[in-house]
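# predicted model follows, preceded by the sequence.
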Amino acid sequence: MAELLGVAVLGAGHMGADHIRRLDRVVSGARVAAVADPDAERAKEAVAGIDGVVVHTDPEAVLDAPGVEAVLIASPGPAHEEALLAAFARGLPVLCEKPMVPGSEGALRVVEAEARLGRRLAQIGFMRRYDAEYQRLKSLLDSGRLGRPLMLHCAHRNVSSPPDFTSAMLIESSVSHEIDAARWLLGQELTAVTVLRPQSSAGAPEGLADPQFVLFETERGALVDVEVFVNCGFGYQVRCEAVCEAGSARIGDAHTMVVTAAGGACEEVAQDYLVRFADAYDREVRSWVDAARRGQVTGPGTWDGYTAAVVAEAGVRSLRSGSRVTVDLAPRPAPHTPAGPTR
Ligand SMILES: NC(=O)C1=CN([C@@H]2O[C@H](COP(=O)(O)OP(=O)(O)OC[C@H]3O[C@@H](n4cnc5c(N)ncnc54)[C@H](O)[C@@H]3O)[C@@H](O)[C@H]2O)C=CC1
Ligand SMILES: O=C1[C@@H](O)[C@H](O)[C@@H](O)[C@H](O)[C@H]1O
């Protein structure tokens, strides 16, 4: 391994450009070796000022570029399966943005491909596991001080949705974070999902079912509700309150500045995830780079990505039918043991 881990970044859009900046300026131990984006101008813009980066429109070509030792996938979800399999074929460690693969069949193919390699190669970009507030909540729940968790109340609000956002993507793209966070916080699988649709907001694009109310059941009888509202207009808010037998704990309120002036006080609200979760993305990528340099892969894996895809798919079925839908996971392929959520 070279002194600095040479990373190929696939996709130079919002997340890709932010990860390129992070690899170049924030995380020590890595360098951006190559970037692929079908939009060549975008890729060039994202690497402006960084020396020695191979830029290409073809993702496969950059995986074979000199000095590439690891891959960060930040292309749109439908491109992830092909990119993951190409990285696996070359034995390269991967950090893949969520959703790992939108759709359970493709997600299972990725799990099976990695299992055939007999070693982990992929970390999935569920960055909330690296957020300081989520980590504090998990430690508290794991300590048992509040007794058993009975319910999680979650809210996930975006200022506005991208132009191509569909009603299904509120679950597949946005709620995928709560699906992973709930499994991780509770250490339980989600077993059923019911999606309810209040009347859509006038602020949402025509035809988009926004907001939605999603209710998950878990294997040991807890309930997780998620209000997802991706055109709320006023800010980026991600909240989670755990209600336990002997108390409750809430996160998501405390990363702001309070401005007092002219006889009043107001709190600033973050406008997007790149601000709210900046530290979490830094920790996530740093942890991936450090592990790759040790020859390891840690954090949420392909099984977590697969499970999120299955639960999201059940959620989309419920959104369309209005009924409760149960979650059916395939048997977990060896050598991914032990079964159950990664702790
Ligand atoms: N962890 C998080 O909080 C977030 C994760 N994401 C995820 O990051 C990924 C990218 O999302 P954004 O950056 O918001 O999208 P974006 O649309 O801003 O950028 C995607 C880029 O990928 C390029 N692209 C398209 N096909 C490609 C291919 N086959 N190979 C390489 N590049 C390709 C596009 O030209 C575009 O420049 C998605 O999986 C999304 O769900 C997005 C936002 C936040
Ligand atoms: O992953 C993300 C986006 O893809 C998704 O569209 C947003 O709703 C989330 O807040 C953000 O974290």
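Yep, that arrived. Ligands and ions are numbered 1, 2, ... in the order given.

# tally of neighbours for the residue of the stretch 201-343 of the chain found nearest ligand 2?
The nearest approach of the stretch 201-343 of the chain to ligand 2 comes at residue 273, 4.0 Å away (Cβ to the nearest ligand atom). The way it works is simple: take the backbone N, C-alpha and C, and place the C-beta from them, glycine included. By other Cβ atoms under 10 Å, 19 other residues sit near residue 273.

# that one is in contact with residue 235, isn't it?
No - between residue 273 and residue 235 there is no contact under Cβ atoms under 8 Å: 11.3 Å.

# how about the longest helix along the chain: buried residues?
The residue-count maximum for a helix in the chain (DSSP state H) belongs to helix 302-321. By 16 or more other Cβ atoms under 10 Å, the buried positions in helix 302-321 come out as 302-319.

# do stretch 44-56 as well
Under 16+ other Cβ under 10 Å, the buried positions of stretch 44-56 are 46, 47, 53, 54, 55, 56.

# do it and ligand 1 meet at all?
No - judged by Cβ under 6 Å from any ligand atom, stretch 44-56 and ligand 1 are separated, with a smallest distance of 8.6 Å.

# residue 225 belongs to a strand, doesn't it?
Yes - applying DSSP: H, G, I helix; E, B strand; the rest coil, one finds residue 225 inside a strand.

# dump the residue contacts of it.
151, 152, 153, 154, 213, 214, 215, 216 (Cβ atoms under 8 Å, 6 or more residues apart in numbering).

# filter those down to the ones close to ligand 2.
Answer for these near ligand 2: none qualify (Cβ under 6 Å from any ligand atom).

# those residues in strands, which ones?
151, 152, 153, 154, 213, 214, 215, 216 (DSSP state E).

# list only buried entries from those residues.
Buried among those by 16+ other Cβ under 10 Å: 152, 153, 154, 214, 215, 216.

# could you pull up the residues touching the last one?
When you say that, I think you mean residue 216. Here residue 216 is in contact with 179, 182, 190, 192, 193, 223, 224, 225, 226, 311 (Cβ under 8 Å, 6+ apart).

# can you do 6 Å?
190, 193, 224 (Cβ atoms under 6 Å, 6 or more residues apart in numbering).

# now tabulate the residues you listed in CSV and tack on pLDDT and distance to residue 18.
Converted to CSV, the contacts of residue 216 look like this (pLDDT from 0 to 100; distance: Cβ to Cβ, whole Å):
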residue, pLDDT, distance to residue 18
190, 98, 29
193, 98, 31
224, 99, 29
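
# buried subset of the residues you listed?
190, 193, 224.

# just give me the neighbour total for the residue in the chain that ligand 2 sits nearest to.
Nearest to ligand 2, among the residues of the chain, is residue 174, at 3.3 Å (Cβ to the nearest ligand atom). Look at residue 174: counted by other Cβ under 10 Å, it has 24 neighbours.

# and it, how close does it get to residue 202?
With the distance defined as Cβ to Cβ, to the nearest Å, residue 174 ends up 20 Å from residue 202.

# surely residue 124 touches residue 97?
No - if you go by Cβ atoms under 6 Å, residue 124 and residue 97 don't touch, sitting 8.1 Å apart.

# looking at these two, which is more packed in?
residue 124 (31 against 21).

# can you list the low-confidence ranges for this protein?
1-2, 255, 335-343 (pLDDT under 70).

# outline the domain layout of it.
5-128+279-301, 132-276+308-326 (automatic domain parsing).

# which of those domains sits most buried?
domain 5-128+279-301 (a mean of 20; mean count of other Cβ atoms under 10 Å).

# for the helix or strand that contains residue 177, packing partners?
Residue 177 belongs to helix 176-186 when assigned by DSSP states H and E. Counting contacts by 3 or more Cβ pairs under 6 Å, 6 or more residues apart in numbering; DSSP states H and E, helix 176-186 is packed against strand 149-157, helix 302-321.
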